[in-house]
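# would you be able to build a 3D model of this:
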Amino acid sequence: LAAGEVFLMINGEIDLSIGAVYLFAPFMFYEFDTATGLPLMPALVLAMVMCVLVGIVNGVFTAVVGINSFITTLGMLLGLQGFTLIISNAQPVQTPGTDVLGEASTFSNVFGGSTYSELIWALVIVIVLQLVLSYTRWGIYTVAVGSNRIAAAEAGIRVRVVIIRNFVLCAVCAGLVGVLEAVRTTSVQPDPSGANDVLFGGIAAAVIGGTLLAGGSGTVVGALIGALLLGVLNDGLIIEGVNADYLSFYLGLAIIIAMAANTYVGRVRRGEAGG
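I've put the predicted structure just below:
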């Protein structure tokens, strides 16, 4: 989640709908598999196509229509959560591909059912997207657009296309995470509150990892470090028996400190620390 969010935040945009996409994708996977009788992989591909469409809508309304990304994706968050509750009748269902035999067993092991599959997926996504960000035109254009959109446009970069493409990437990452978690837990839960927790965790990981909300700077590896920090902090507090009421306080404090440090480092790089 944080890896996809990094690309958008470097553009100076944000996607609040990733929590809703995280909730929406597994239900679409279930509908394509059970309602239409499609095999598991085609059903998964179609579910990802639906995530692509969500990303395109977010990108078009933001980059072409000109609505602020915060407002666009907030509307998408609420609308998509409501749509998911409607199609699911607010009832949990069993995740397709979580049977113990045959093709389903192989599918489950690859897409979240085995002990290390989610870790492997996370590392692969981080490595691939960091390479894309650092060594491809997609990544270079992303940084250029986030640093100075006018200069990027004058240099021939199609700014709107870059932003829309990053919205699509963010939505696909969110949908994939939703499916991985649904396969791991063997059920799809229509729980918007849990999805919103995942949303804030993804954004917090990107911010703690050094991605600036103002755009122009950020790394996918930093998002991984931010996610690990949040995970260690969360599990450490639980293991130590700290009251759960303190968890949000500590997480919020960690985000503020990280943003203050990022801002200071940015000023030092620009030679503004003395001011």
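# helix or strand for Leu53, which one?
helix 40-59 (DSSP states H and E).
# average pLDDT for that helix?
Helix 40-59 carries an average pLDDT of 95.
# after that helix, which helix or strand is next?
helix 69-88.
# tell me the buried residues in the helix holding Leu53?
For helix 40-59, the neighbour count (16 or more other C-beta atoms under 10 Å) marks 40, 43-44, 46-48, 50-51, 54-55, 57-59 as buried. The way it works is simple: take the backbone N, C-alpha and C, and place the C-beta from them, glycine included.
# quick one: contacts for Ala182?
Ala182 sits next to Pro26, Phe29, Thr95, Gly112, Val188 when contact means C-beta atoms under 8 Å, 6 or more residues apart in numbering.
# please apply the same query to Thr106.
With C-beta under 8 Å, 6+ apart, Thr106 has no contacts at all.
# tell me the SS of it?
Assigned state for Thr106: helix (three-state reduction, DSSP: H, G, I helix; E, B strand; the rest coil).
# ok so, going back, between the buried residues of helix 40-59, which is nearest Asp33?
Ala43 (4.0 Å; C-beta to C-beta).
# how far away is the closest one from Ser187?
17 Å (C-beta to C-beta, to the nearest Å).
# export the helix holding Leu53 as PDB, just CAs?
The C-alpha trace of helix 40-59 is given here as PDB (Å, rounded to 0.1, in the frame of the first residue of the first chain):
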ATOM      1  CA  LEU A  40      -9.300 -18.300 -10.200                       C
ATOM      2  CA  MET A  41      -6.700 -16.500 -12.300                       C
ATOM      3  CA  PRO A  42      -9.100 -14.900 -14.800                       C
ATOM      4  CA  ALA A  43     -11.300 -13.800 -11.900                       C
ATOM      5  CA  LEU A  44      -8.200 -12.300 -10.200                       C
ATOM      6  CA  VAL A  45      -7.200 -10.500 -13.400                       C
ATOM      7  CA  LEU A  46     -10.700  -9.000 -13.800                       C
ATOM      8  CA  ALA A  47     -10.700  -7.900 -10.200                       C
ATOM      9  CA  MET A  48      -7.400  -6.000 -10.900                       C
ATOM     10  CA  VAL A  49      -8.900  -4.500 -14.000                       C
ATOM     11  CA  MET A  50     -11.700  -3.100 -11.800                       C
ATOM     12  CA  CYS A  51      -9.000  -1.500  -9.600                       C
ATOM     13  CA  VAL A  52      -7.400  -0.100 -12.700                       C
ATOM     14  CA  LEU A  53     -10.700   1.600 -13.600                       C
ATOM     15  CA  VAL A  54     -10.900   3.100 -10.100                       C
ATOM     16  CA  GLY A  55      -7.400   4.500 -10.500                       C
ATOM     17  CA  ILE A  56      -8.300   6.000 -13.900                       C
ATOM     18  CA  VAL A  57     -11.400   7.700 -12.500                       C
ATOM     19  CA  ASN A  58      -9.400   9.100  -9.600                       C
ATOM     20  CA  GLY A  59      -6.700  10.300 -12.000                       C
END
